[in-house]
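Novice: Take a look and give me a structure for this.
(2 chains)
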There are 2 protein chains.
Amino acid sequence: MKDNFSDRLLAEIVRKRSTLVAGIDPRPENLPESLSMREFCNETIDAICDIACAIKIQVAFFEQLGPAGWHHLSAVIKHAREKNLIVIVDAKRGDIGSTSEAYASGWFAEQTCTGEDNVIRADALTIAPYLGKDNFDAFDPHIAKGAGAFVLCRTSNKSAVDIQDLEVGREKVWEKVAALVSAWGDPHIGQNGLSSVGAVVGATYPEEGARVREIAPSTWFLVPGIGAQGGKAEDARNFTRDDGTGAIFNVSRGIMYAYLTKEYAHLGEKHFAEAARAAAKSYRRMLWEACRMKV
Amino acid sequence: MKDNFSDRLLAEIVRKRSTLVAGIDPRPENLPESLSMREFCNETIDAICDIACAIKIQVAFFEQLGPAGWHHLSAVIKHAREKNLIVIVDAKRGDIGSTSEAYASGWFAEQTCTGEDNVIRADALTIAPYLGKDNFDAFDPHIAKGAGAFVLCRTSNKSAVDIQDLEVGREKVWEKVAALVSAWGDPHIGQNGLSSVGAVVGATYPEEGARVREIAPSTWFLVPGIGAQGGKAEDARNFTRDDGTGAIFNVSRGIMYAYLTKEYAHLGEKHFAEAARAAAKSYRRMLWEACRMKV
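Specialist: Below you'll find the model as predicted:
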């Protein structure tokens, strides 16, 4: 993990012609029959590893199972790294001082963990903004060494408005957060002009996406909410820069659980991986066309 | 975990004459010689279990160690429960929809985890507010069954101002959050008039504490930042209700690492537990006197 995260990410996007992030959300109550959580994740990863520019792993579904879940998580991350996938860990962590440093070193440091089973190193982590720069500061030295971060800015859920839409003068809280994230990212801009400090900007608010882009022109956006949550691939351009770069789009249920959708149900549960691959290809194409990237 | 969390908490406070929460923050790089993380935590717990009304376990220091850390965490929580301690897990989790539900069921459900080592059930969890009510809603049914939550409102760190102090009309963001937390807690008010949905309000901002109390009269405050961070026990009354109830005060470094302070250094590292017990007694007395509780 030596190169700037932003540059590594863009290189993957160009190489795979893909702005698609495949979300790994193994809901324990919803695994295909006879598969363990680990098998379900790893077979999905095998099916999409040449199609998605990165994966986003949702920690909550592993954490839910206690220590056993963390063993699964470790194994899944190890598998993804063997497939040379960029691993974004969606943990939305946020704390202060030495506590944030513990989170940062747990997810990013090379030598925190001992033993093969304890490799849980992420390429990038989602982090929460409410505690301010103190939290970010703990991640900063790791970002300087090649890690990435995506700070929650405008989330994809309905009650995002509760706090994010509060009006601060003529702006909203999420616009203030966008400006903070942009400033925090300034020291980490790669050769491609984009920073390794990104923002989470929900696909369900494409107009707000365009506004965040104005405020934070050098910021990568991780855009969740495409598919099941109602965000549309054709709005992708609202989130990108003029050259079509600067945004990656996460699809979770639409890929991992594609076998449950009308379009792929005929494949059957046994062929969930085939369904995931077909769905990922379809999302990749739609997103790539919508981004109209000049690279 | 059947009774209302708020009522259980007040009963413990009255029984132990203590509003002190002992913070369990096992920094892996800072353990007393020859002790494992688990031993350090459990011996500290043994030393303070009759003095603190609850413990607050900081997950980050365990998560930092990957799966091995979660085994330690599970063992420490199990030990604390055997000592009949109320366990507040400081994880500051926040997500949306089914992802929040995964966090909630992981920390609160009785039957999520299998096998003795996987018991990581908390009595209460700290949660993050930025995603709004969607996140809280996932915890709500567990709170109805006896769990507790503490939502970040006004944190104890310096850069809390970055977002929490933004001015929304004539109020600040943290005042808006206080009002939201108060409203979310209304359905969960116990026989004592306080809700099982609490707020985190940093001891380092006693004036803001008094303001949050005005906005949220029926809300328990979990007040971190006493001691090492600069918050003072004598300000405790700023956070309580008129009858002195409604606030609990966390001390982490000042207890667990008391053996490193001037006052207790003479005991030596070997007697860290003795130092922790003496420090806890001292904090309990200071806080109890400052709260002037009428119960």
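Novice: Pull up the distance across stretch A:25-40, start to finish.
Specialist: 10 Å (C-alpha to C-alpha, to the nearest Å).
Novice: quick one, what contacts A:Gly97?
Specialist: A:Asp134, A:Ala138, B:Asn157 (C-beta atoms under 8 Å, 6 or more residues apart in numbering or on different chains). Every residue, glycine included, has its C-beta placed from N, CA and C.
Novice: Doesn't A:Lys176 belong to a strand?
Specialist: No - under DSSP: H, G, I helix; E, B strand; the rest coil, A:Lys176 sits outside any strand and is assigned helix.
Novice: now the strands: where do they sit in the stretch 101-250 of chain A?
Specialist: A:124-127, A:148-154, A:167-168, A:171-172, A:195-201, A:219-223, A:247-251 (DSSP state E, counting those that start in this stretch).
Novice: give me every residue that touches the residue most central in space within chain A.
Specialist: The residue lying closest to the centre of chain A (C-alpha atoms, centre = their mean) is A:Lys56, at 4.4 Å. Going by C-beta under 8 Å, 6+ apart, A:Lys56 touches A:Val21, A:Ala22, A:Gly23, A:Ile24, A:Ile88, A:Val89, A:Asp90, A:Leu222, A:Pro224, A:Asn250, A:Ser252.
Novice: quick check, nearest of the residues you listed to chain B?
Specialist: A:Asp90 (8.1 Å; C-beta to the nearest C-beta).
Novice: average pLDDT across the strand or helix carrying that closest one?
Specialist: If you go by DSSP states H and E, A:Asp90 is part of strand A:86-93. What strand A:86-93 shows for mean pLDDT is 98.
Novice: Within the sheet, what are the partner strands of it, with directions?
Specialist: strand A:54-58 (parallel), strand A:124-127 (parallel) (DSSP bridges).
Novice: the inter-axis angle of the first one versus strand A:148-154?
Specialist: So the one you mean is strand A:54-58. Angle of strand A:54-58 versus strand A:148-154, following axes from the mean of the first three to the mean of the last three C-alpha atoms, to 10 degrees, is 60 degrees.
Novice: Can you show me the CA trace of strand A:54-58 as CSV?
Specialist: Extracted C-alpha coordinates of strand A:54-58, given in CSV (Å, rounded to 0.1, in the frame of the first residue of the first chain):
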residue,chain,number,x,y,z
ALA,A,54,-13.5,-2.2,-5.9
ILE,A,55,-15.6,-3.9,-3.4
LYS,A,56,-17.3,-2.3,-0.4
ILE,A,57,-17.7,-4.7,2.6
GLN,A,58,-20.4,-3.9,5.1
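Novice: Could you identify the helix or strand that succeeds it?
Specialist: In the C-terminal direction from strand A:54-58 (assignment by DSSP H and E), the next one is helix A:60-63.
Novice: How about that next one and chain B, any contact?
Specialist: Yes - Helix A:60-63 reaches chain B (C-beta under 8 Å from any C-beta of the partner chain) through A:Ala60, A:Phe61, A:Glu63.
Novice: ok, those vs chain B, which is closest?
Specialist: For those, the nearest to chain B is A:Ala60 (4.0 Å; C-beta to the nearest C-beta).
Novice: In contact with the spatially closest residue to the closest one that is not a sequence neighbour: list those residues for me.
Specialist: What sits nearest to A:Ala60 in space, not counting adjacent residues and going by C-beta to C-beta, 6 or more residues apart in numbering or on different chains, is B:Ala102, at 4.0 Å. Each residue near B:Ala102 by C-beta under 8 Å, 6+ apart is listed here: A:Arg27, A:Gln58, A:Ala60, A:Phe61, A:Glu63, A:Gln64, B:Asp95.
Novice: again, only this time at 10 Å
Specialist: A:25-29, A:58-65, A:69, B:93, B:95, B:112, B:138 (C-beta atoms under 10 Å, 6 or more residues apart in numbering or on different chains).
Novice: Would you tell me whether stretch A:13-32 gets close to chain B?
Specialist: Yes - under the criterion of C-beta under 10 Å from any C-beta of the partner chain, stretch A:13-32 makes contact with chain B via A:Asp25, A:Pro26, A:Arg27, A:Pro28, A:Glu29, A:Asn30.
Novice: Look up how far A:Phe108 lies from the first one.
Specialist: Read that as A:Asp25. Distance, A:Asp25 to A:Phe108, by C-beta to C-beta, to the nearest Å: 22 Å.
Novice: A:Leu222: what's its closest spatial neighbour, skipping adjacent residues?
Specialist: Using C-beta to C-beta, 6+ apart, the closest residue to A:Leu222 is A:Phe150 (4.4 Å).
Novice: how much space between that neighbour and A:Pro141?
Specialist: Distance from A:Phe150 to A:Pro141, by C-beta to C-beta: 17 Å.
Novice: give the contact list for the residue nearest to A:Tyr130 when sequence neighbours are not counted.
Specialist: Leaving aside its sequence neighbours, A:Tyr130 sits nearest to B:Tyr130 (C-beta to C-beta, 6+ apart; 4.8 Å). Taking C-beta under 10 Å, 6+ apart as the contact definition, B:Tyr130 lies against A:92, A:94, A:128-131, A:152-153, A:155, A:160, A:162-164, A:173-174, A:177, B:94, B:152, B:163, B:173, B:177.
Novice: mind redoing it with 7 Å?
Specialist: Neighbour list for B:Tyr130: A:Ala128, A:Pro129, A:Tyr130, A:Leu152, A:Ile163, A:Gln164, B:Gly94 [criterion: C-beta atoms under 7 Å, 6 or more residues apart in numbering or on different chains].
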